[in-house]
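Participant: structure, please.
(chains A and B)
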Amino acid sequence: MPVISYREALRHAMAEELDRDPNVVIMGEEVAQFNGAYKVTEGLLEKYGPKRVIDTPISEAGFVGLGIGASMLGVRPVMELMFWSFSYVAFDQIFNNAASIRYMSGGLINLPIVIRGPANGGTAVGATHSHSPENFIANTPGLKVVCPATPYDAKGLMKAAIRDNDPVYVMENTILYNDKGEVPDEDYIIPLGKADVKREGTDLTIIAHGRAVLTALKAAEILQAEHDVSAEVVDLRSIRPLDVDTILKSVAKTHRVLLVEENKPFCGVGAQISHLIQSEAFDELDAPIKRVSALDAPAIYSMPLEKLQLPDPQRVVRAALSVG
Amino acid sequence: MAALAKHPVNARLTAADKLRMYRDMVRIRRFEERSVQVYQKGKIGGFLHLYIGQEAVAMGTVSLLGEHDHIITAYRDHGHALAVGMSMNECMAELEGKVTGCSKGKGGSMHFFAPDKRYWGGHGIVGGQIPLGTGLAFALKFKGLKGCCLAFMGDGAVNQGAVHEAYNLAALWNLPIVFIIENNKYSMGTSQERSSAGEPLAKRAEGYDMAWDMCNGNILYEVREKAAAAIKRAHEESKPTLLEIFTYRYRGHSMSDPDQTYRDKQEIADYRENKDPITLFQKCLQAENVLDEATLAKIDEEARAEADASAKFADESPFPTPESILQDIYWEEDNRTPKTNSEGRMFFEGLDS
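Facilitator: Residues are numbered from 1 along each chain as shown, chains lettered A, B, ... in the order given. As a prediction, the model looks like this:
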C-alpha cells in the first residue's frame, strides 16, 4: 500500500472529488497560484484550472458567504481557511448562516459546503492563530465537524465531507501535514460519526481527537513499557456526529477514562464526552473521569512554554496514573 | 411618468401586465396591514418588519425576473415574497408559526423562502445576505447560465464589512449581480446622515470600479427602467451594478418601534399624500385608461378579502409537532439511505431525553 503524507492524503481526496463531481470547487487564500500556504493544494491549479481552483482575496466573510450562496444552487465549494482562527472573521457566515438556512426554510434548502484548514497550536504563531474551534462547531446544530489524526483518516473523512450534503468542517493540523502513513490508492470513504480504536487495551480508555490522539498513543506506549498499564486509545475522528457506541463500549471494557484534547478546557469536546459517559455509563466507571487539555490561557508564543501549554505524553502519563 | 411609460421595458407591458402589477402592489399593502392586526392580537411573535410604502421596489424589480434570475433580501421580505408569487396563506401561516407556513413555522417573518420561485430568503442579520447573493451570482456564472441575482439590502446595511467584501468579489470576478439598496432613509431609528459618511450610498461602487445608479422607488416605471439596465449589464456583460432605490416606509422599523423620536410626522404625511407608490401608479394607469373605478374598487376589495382569508387559514392551521423541532436540520438525516455516509449520534437532547 502506498505510504503518503497527511498533506498528500488531503490533496488526493480533493483531486479525486474534483474528478468525480464537476460541481466541486476549491476556494481560499493562496490555494491556487501559491500552491497553498501549507502546500495542501499544490498542483491542483495546474491540473484543474482556475475555474475549479480559485484564489480569493483576504475576505473570509465575503468568500465563505459566497460559497454558501453558491451551494444553494448546487455548487459544492471546498473552502480553505488558512487557519481555523480566521473563521472568527466570518463567524456570522460560518456558524450562523451555514447552520440555520436549512432549518429556517423548513428544509427547502441544503448547503453542501466543506470548510477545511489547520486548527492547531504548537507552532509559536501566537494567541490569535492557534485556535481549534471544533467545540463551537459541535455546539451548533446544522453543522458537522471531523478531526482526522492520520493520513488514512484524512483522506477518507475529506471525501465523505465533500460528498455530504450538509456543511462539514474539517479540522486539520499543520504539525500533522508531514506525517506519513499507509493510504490506499483506490476510492474509499470513512463515514462521519465513526470513531476508531487506534490501540486496544484493558486497563484504561484514553479518548482523544486530532493530534492529541498521537500524544495519547505515545503515552500509551510509555504506560505499557514503564508502568505495566494497558491503555486503549479511542480516536473520535468525528465530533459531530459522534460515535457514542464505540466510546461506551470501551468504557464498559476498561472502566477507567482519561480524556485528552489540545483545545482549552471550558466547554471543550471533553466536557461533553465526560457528561455523556457519566450520564449513560455511570455504573461502568470505577473512578472519576480525568482530563488533560491545553492549559487554560491564550496560546503563549515562547516555544518551550507553548510545549508545556499543550498536552504532551508525560502529562498524559501522569494523568493516566492518577485515574483512581 | 408618460415618458417612462414609453421606455422599451415598460412599453412592452400589456394592459393585463400593468393591472397585475398594480393588483400585486395592492395585495402586498393589504397583506401587511392585515398582519398588523394579527400581530396586535398576539398571534405573531418576535419581529414584524412591514413593507408598507416600499411596494414599487419589490414589484418593479421582481416583475423583470427571467427563468435564470434569482433574488435574495433581508428581513423586510414579505413584499418580495408576494411579488415572486408566494401565497398569502403560506405567508400568514408562517407569521403565526403554523406548520402550513412556507417554512413550516420554523422561520417566521424574517425567513420566507421559495427556492422553486428562485427566492432565497428572508435573512435576519443585517448585510449577511449580501455575500450569499454574491454566491448565487457566482453559481450562475459557474454553470454558464445567462442570469443574475438581485441582492437587496437596506440603507443600514451599507456599512457592514461583509457587504464591502461582497462588492469587491463581485467587481473583481465580474459576477452577474445587481446589489440593490432600498434606501428608506432610516436604519431602524438612525437616519442616513447619522450612519453613513459619503453620499449617495451607491457612489461607493466607484471605489470598486463598479457601475452604479439611483432611482426614485415610488415610481414603478422608473424602478423597472433602472433595474432593467442593471439586469442587462449582468446578463450580457456579467458585470455587477450597485443600484440605490429611494423609497420610504410609513410604519416604524418593526412593530416594536414606537417611531416617536427619530423622524418628523410631517415627513410621513408628505409621503402618504404625495409620493405613495400605489397611488402614483394608480393615477398613471388611470391616465393610460387601463384602470377604471370599478376595477380599482374590485382589486382593493379582493385584496382585503384575500388577506382576511389568509388570517383565517393561519388561525385554523395547526402548529408543528414537537418532533419537528429536530427535523429539517441536516439533509442527510432527513433523507437517510443506505448510501448515507453519516452515522453516529447527531443530536444530544431530544424529546425523549
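Participant: show me the contacts for whichever residue of the stretch 151-300 of chain A sits closest to chain B.
Facilitator: Nearest residue of the stretch 151-300 of chain A to chain B (CB to the nearest CB) works out as A:Gly193 at 2.2 Å. (C-beta placed from N, C-alpha, C; glycine too.) For A:Gly193, the contact set (CB atoms under 8 Å, 6 or more residues apart in numbering or on different chains) comprises A:Ser238, A:Pro241, A:Leu242, A:Asp243, B:Ser342, B:Glu343, B:Gly344, B:Arg345, B:Met346.
Participant: do A:Ala220 as well
Facilitator: A:Arg199, A:Gly201, A:Ile206, A:Ala231, A:Val233.
Participant: torsion angles phi and psi at B:Gly344?
Facilitator: phi 80, psi -180 (degrees, to the nearest 10).
Participant: flag every buried residue along stretch B:134-151.
Facilitator: B:134-142, B:145, B:147-151 (16 or more other CB atoms under 10 Å in any protein chain shown).
Participant: again, but for stretch A:135-151
Facilitator: Within stretch A:135-151, judged by 16+ other CB under 10 Å, the buried ones are A:135-151.
Participant: show me where the stretch 1-150 of chain B has its strands.
Facilitator: Taking DSSP state E, counting those that start in this stretch to define them, one finds strands in the stretch 1-150 of chain B at B:70-72, B:149-154.
Participant: strands paired with the last one, and their directions?
Facilitator: The reference is to strand B:149-154. strand B:70-72 (parallel), strand B:177-183 (parallel) (DSSP bridges).
Participant: next, give phi and psi for the closest residue to B:Val178 other than its chain neighbours.
Facilitator: The shortest distance from B:Val178 to any non-neighbouring residue, by CB to CB, 6 or more residues apart in numbering or on different chains, is to B:Ala230 (4.3 Å). With angles defined as degrees, to the nearest 10, B:Ala230 sits at phi -70, psi -40.
Participant: now do the contacts for B:Ala230.
Facilitator: Applying CB under 8 Å, 6+ apart, the residues near B:Ala230 are B:Val178, B:Ala211, B:Asp213, B:Thr241, B:Leu243.
Participant: the last one touches B:Ala202, doesn't it?
Facilitator: Yes: between B:Leu243 and B:Ala202 a contact is recorded at 6.7 Å, counting by CB atoms under 8 Å.
Participant: around chain A, which positions in the stretch 201-350 of chain B sit nearby?
Facilitator: B:327-332, B:334-335, B:341-348 (CB under 8 Å from any CB of the partner chain).
Participant: mind listing the helices for chain A?
Facilitator: Ranges of helices in chain A, per DSSP state H, are A:6-20, A:44-48, A:60-71, A:91, A:98-104, A:134-138, A:151-163, A:211-227, A:244-254, A:269-280, A:303-309, A:313-322.
Participant: could the ones you listed be laid out in a markdown table, adding mean pLDDT and distance to A:Phe34?
Facilitator: Shown next, in a markdown table, are the helices of chain A (pLDDT from 0 to 100; distance: least, CB to CB, whole Å):
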| stretch | mean pLDDT | distance to A:Phe34 |
| --- | --- | --- |
| helix A:6-20 | 98 | 14 |
| helix A:44-48 | 98 | 9 |
| helix A:60-71 | 98 | 16 |
| helix A:91 | 98 | 26 |
| helix A:98-104 | 98 | 26 |
| helix A:134-138 | 98 | 26 |
| helix A:151-163 | 98 | 20 |
| helix A:211-227 | 98 | 25 |
| helix A:244-254 | 98 | 39 |
| helix A:269-280 | 98 | 32 |
| helix A:303-309 | 97 | 26 |
| helix A:313-322 | 98 | 35 |
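Participant: okay, the ones you listed, which one's buried deepest?
Facilitator: helix A:60-71 (a mean of 29; mean count of other CB atoms under 10 Å in any protein chain shown).
Participant: picking that back up, output the contacts of B:Ala230 in TSV; the columns should cover pLDDT.
Facilitator: Shown next, in TSV, are the contacts of B:Ala230 (pLDDT from 0 to 100):
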residue	pLDDT
B:Val178	98
B:Ala211	98
B:Asp213	98
B:Thr241	98
B:Leu243	98
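Participant: could you tell me which of those residues are located in strands?
Facilitator: B:Val178, B:Ala211, B:Asp213, B:Thr241, B:Leu243 (DSSP state E).
Participant: helix, strand, or coil at the residue of the stretch 151-300 of chain B found nearest chain A?
Facilitator: Closest residue of the stretch 151-300 of chain B to chain A, CB to the nearest CB: B:Glu165 (2.7 Å). Secondary structure assignment for B:Glu165 (DSSP: H, G, I helix; E, B strand; the rest coil): helix.
Participant: check contacts around the closest residue to it other than its chain neighbours.
Facilitator: What sits nearest to B:Glu165 in space, not counting adjacent residues and going by CB to CB, 6+ apart, is A:Gly62, at 2.7 Å. Listed by CB under 8 Å, 6+ apart, the contact set of A:Gly62 reads A:Thr56, B:Pro131, B:Thr134, B:Ala162, B:Glu165, B:Ala166, B:Asn168, B:Leu169.
Participant: measure A:Gly62 to A:Gly210 for me?
Facilitator: 28 Å (CB to CB, to the nearest Å).
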